[in-house]
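Predicted model and sequence below, questions to follow.
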Amino acid sequence: MIPFNYYIDKYLDYLRLEKNYSPHTITNYAVDLRDFYDYLVEDNKKGIDINNIDYFILRKFLSLLVAKSLNKRSISRKISTLKSFFKFLLREGNIKSNPAASLIYPKIDKKLPAFLTEEQVVKILDAVDKRDLYSLRDKAILEFLYSTGARVSEVTSLKIDDIDFIGGVAKVKGKGRKERLLPLGEPALRALKGYLDKRNDICPYLFINRRRTRLSERGLRNIINKYITKVSIKFNVSPHTFRHSFATHLLNRGADLRSVQELLGHTSISTTQVYTHLTIDSLKKIYNKAHPRA
């Protein structure tokens, strides 16, 4: 009998080599499948034959997660992993039928992403008031995040050569290693120039830490938290909040949905449509405040 872990490794290699999934996404899939494997071992210590796994075993596993009070989004992700995993095994001829095909996703309430007002963004951008190298770096990061709406992983993987100062664009690698060009506003370009003029190292990455090596995603989050604390904004702000704010402010000022989808690097426009709810909410507030019979 082939060990279950062999199939997990085979599937993760497929995601890495053929699907070009990001390391972060592959890690999530690996965690979900190891959790399922641990459950199988605990439930059946004699050994696990991949062809003996059926729909009822999967349902029992998911029921256990519900009993442990795992939230619906996490359960939904695990279902997605199982569906994809067994679909792959079926296509490879390792199993005769897909036991996960009939699994139903839990209904998840749509959670609107938090975003900053234009005034709050300006407040954060103006919070950098020093001119040393790392303050200039922080200013450049904040301006870049708001100017492009880029993901954290896209920002930390940027190299200096990815910035075209003449054309005013940045080349980023998104999910699935797909490249896209993002326009840079004048304040972001100025901040980047000021920061790079102060650099005197050989690191090829755009944003560096104090060891003069590539800035990590955690490091970038710590920088954001530093300035959020400084300006005393009450709700939890992450680098992704700048992405939400970027999209919302564009739509509020008349940008079309397709253009915003392209800028965010969303594969499906339905992912971008969540921001239209935010703009409608914003319009309602303006209407209620301004209309005499609202």
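Nice, thanks for sending it over. Numbers count the residues shown, from 1 in each chain.

chain center to stretch 57-73, what's the gap?
24 Å (CA atoms, centre = their mean, to the nearest Å).

Likewise for stretch 84-104?
For stretch 84-104, the distance to the chain centre is 27 Å (CA atoms, centre = their mean).

OK, contacts around Leu177?
Just so we're on the same page, residue 177 is Arg rather than Leu. If you count contacts by CB atoms under 8 Å, 6 or more residues apart in numbering, Arg177 has them with Asn20, Ser22. In this view, the C-beta of every residue, glycine as well, is placed from N, C-alpha and C.

next one: phi and psi at it?
Dihedral pair for Arg177: phi 60, psi 30, per degrees, to the nearest 10.

and it, what pLDDT?
With respect to pLDDT, Arg177 scores 73.

Leu40 too?
Leu40 is assigned a predicted lDDT (pLDDT) of 88.

Next one: it relative to Ile224, how far apart?
Per CB to CB, to the nearest Å, Leu40 is found 40 Å from Ile224.

Which one's more surrounded, these two?
Ile224 (21 against 18; other CB atoms under 10 Å).

For the strand or helix carrying that one, buried residues please.
Using DSSP states H and E, Ile224 sits within helix 217-231. Buried residues in helix 217-231, counting neighbours by 16 or more other CB atoms under 10 Å, are found at Leu220, Ile223, Ile224, Tyr227, Ile228.

Go ahead and name everything in contact with that helix.
When contacts are defined by CB under 8 Å, 6+ apart, helix 217-231 is touched by residues 120, 123-124, 127-128, 138, 141-142, 152-153, 155-156, 207, 209, 237-239, 242.

can I see the domain layout of this structure?
Following the assignment in automatic domain parsing, the chain carries domains at 4-91, 118-290.

Distance to Leu103 added to these, as CSV?
What follows is the domains of the chain, written out as CSV (distance: least, CB to CB, whole Å):
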stretch, distance to Leu103
domain 4-91, 5
domain 118-290, 21
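
so who does Asp161 touch?
So Asp161 contacts Pro204 (CB under 8 Å, 6+ apart).

Distance of it relative to Leu196?
Applying CB to CB, the value for Asp161 to Leu196 is 12 Å.

Also Phe207?
10 Å.

Looking at these two, which is more packed in?
Ranked by neighbour count (other CB under 10 Å), Phe207 and Leu196 place Phe207 first, with 24 against 15.

Name the residue closest to the centre of the protein, please.
Arg151 (6.0 Å; CA atoms, centre = their mean).

next SSE after the helix holding Ile224?
helix 239-252.

need the helices for the stretch 151-294 of the chain, in chain order.
152-156, 186-198, 217-231, 239-252, 257-264, 269-272, 274-290 (DSSP state H, counting those that start in this stretch).
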